[in-house]
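Student: Coordinates only, no sequence provided:
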């Protein structure tokens, strides 16, 4: 039997309503309404425009079959189990990934709880247990670089053979290119690390977002006139150091947010911090989870000669943020 941990649930994110999309965290007893449709299998990290192309074809195939469109992804990424020292920071957390896929129109996400028993399945066993038995798939939609089964031994050629044997339709979607380069999660990750958020937004289906819990900081922002929310427990990749214009979700509404990501050299603080000043917000956020979109990088982190000079620059950053993210 395929190992499982949790039952069906509905995706949710802090503080707000999101498009309704089912998340299954088990392949045991998949609801009948989610079987016998079209399935796409992959990590879908970031849900970029290349992924959106696959989902477009998945929806078309599901409509043709008169069945559901389902994405099977993995939580955590298999590399985090097999080679944790080489595992990249993810671009999205699971509920956010489901939300983004739901916005594209799919019916359900199976966020399979990856473990060693799952990773030891050979390609044919993977196909028989998951594609045929658990999901009863009548069609698969994948990219050309899809691998499956133990040691990634299964490729598109083998998948086509297995699909032909089982009477399962297979559609292979060619990669999307933008500016002459293939859109991939690794390309997005490199741009995020460089702080090139406008370029990142061109590759993703939505602006790049992190989620963190508001923790107590030094309280210096209040004294300077710019109280910031200090974020901890951010599980996804952080952009490169700098000052950014973005927006933050609090109390069910979006607020323009001036974001400082990095050390605070003016006050001789070397540790990396994520601080967000929510323009016009007056509530208390301690111990609450908030989501933050990065829209554009405004400038580098720098040491100022005086606190007055820092405050003057902060006023400029806030004005730039308002111009970018609205009032």
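Tutor: Alright, I've got the coordinates. Every value quoted in this text rests on a predicted model; they were computed, and no experiment measured them.
Student: so how many other residues sit close to residue 89?
Tutor: Using other CB atoms under 10 Å, residue 89 is surrounded by 13 other residues. (Each C-beta comes from the backbone N, C-alpha and C, glycine too.)
Student: Can you give me the distance of it to residue 237?
Tutor: 4 Å (CB to CB, to the nearest Å).
Student: residues shared between the contacts of the two?
Tutor: Residues touching both residue 89 and residue 237 by CB atoms under 8 Å, 6 or more residues apart in numbering: residue 189.
Student: Spell out the secondary structure type for the most centrally placed residue in the chain.
Tutor: For the chain, the residue whose C-alpha lies nearest the mean C-alpha position (CA atoms, centre = their mean) is residue 92; its distance is 1.9 Å. Residue 92 carries the three-state label coil when classified by DSSP: H, G, I helix; E, B strand; the rest coil.
Student: What of residue 217?
Tutor: Going by three-state DSSP, the secondary structure assigned to residue 217 is coil.
Student: Quick check: pLDDT value at the closest residue to it other than its chain neighbours.
Tutor: For residue 217, the nearest residue in space outside its immediate sequence neighbours is residue 230; the separation is 3.9 Å by CB to CB, 6 or more residues apart in numbering. The per-residue pLDDT reported for residue 230 equals 95.
Student: hang on, residue 230 packs against residue 277?
Tutor: No - contact between residue 230 and residue 277 fails when scored by CB atoms under 8 Å: they sit 10.7 Å apart.
Student: who's more crowded, these two?
Tutor: For residue 230 versus residue 277, neighbours defined as other CB under 10 Å are more numerous around residue 277 (23 against 20).
Student: Now do the helix or strand where that one lies: everything it contacts.
Tutor: Counting by DSSP states H and E, the secondary-structure element that holds residue 277 is strand 269-278. The set of residues external to strand 269-278 that reach it, using CB under 8 Å, 6+ apart, is 210, 212, 217, 221, 226-231, 234, 238, 241, 246, 248, 250, 255-264, 285, 290, 292, 314, 318.
Student: Now do the contacts for the residue nearest to the centre of the chain.
Tutor: Residue 92 is in contact with 45-47, 100, 209, 236, counting by CB under 8 Å, 6+ apart.
Student: On the three-state scheme, residue 100 is what?
Tutor: When classified by three-state DSSP, residue 100 comes out as helix.
Student: What about the contacts of residue 92, which one has the most neighbours?
Tutor: If you rank these by neighbour count (other CB under 10 Å), residue 46 sits at the top with 30 neighbours.
Student: Tell me what the residue nearest to residue 217 is bridged to.
Tutor: When bridges are called by DSSP bridges, residue 230 pairs up with residue 215, residue 275.
Student: distance of it from residue 122?
Tutor: Using CB to CB, which is the criterion applied here, residue 230 is 47 Å from residue 122.
Student: Equivalent analysis for residue 142, please.
Tutor: The spacing between residue 142 and residue 122, counted by CB to CB, is 18 Å.
Student: More neighbours: these two, which one.
Tutor: With neighbours defined as other CB under 10 Å, residue 142 and residue 122 compare such that residue 142 has more, 22 against 14.
Student: residues in contact with the residue nearest to the more buried one when sequence neighbours are not counted?
Tutor: Nearest-residue entry for residue 142: residue 172, 6.0 Å, with adjacent residues in sequence omitted and distances by CB to CB, 6+ apart. With CB under 8 Å, 6+ apart as the criterion, the residues that contact residue 172 are 142-144, 156.
Student: so how far is the longest helix along the chain off the chain centroid?
Tutor: Secondary structure of the chain read by DSSP state H shows that its longest helix is helix 307-325. Using CA atoms, centre = their mean, to the nearest Å, we find the averaged C-alpha position of helix 307-325 to lie 29 Å away from the chain's own average C-alpha position.
Student: Thank you, goodbye.
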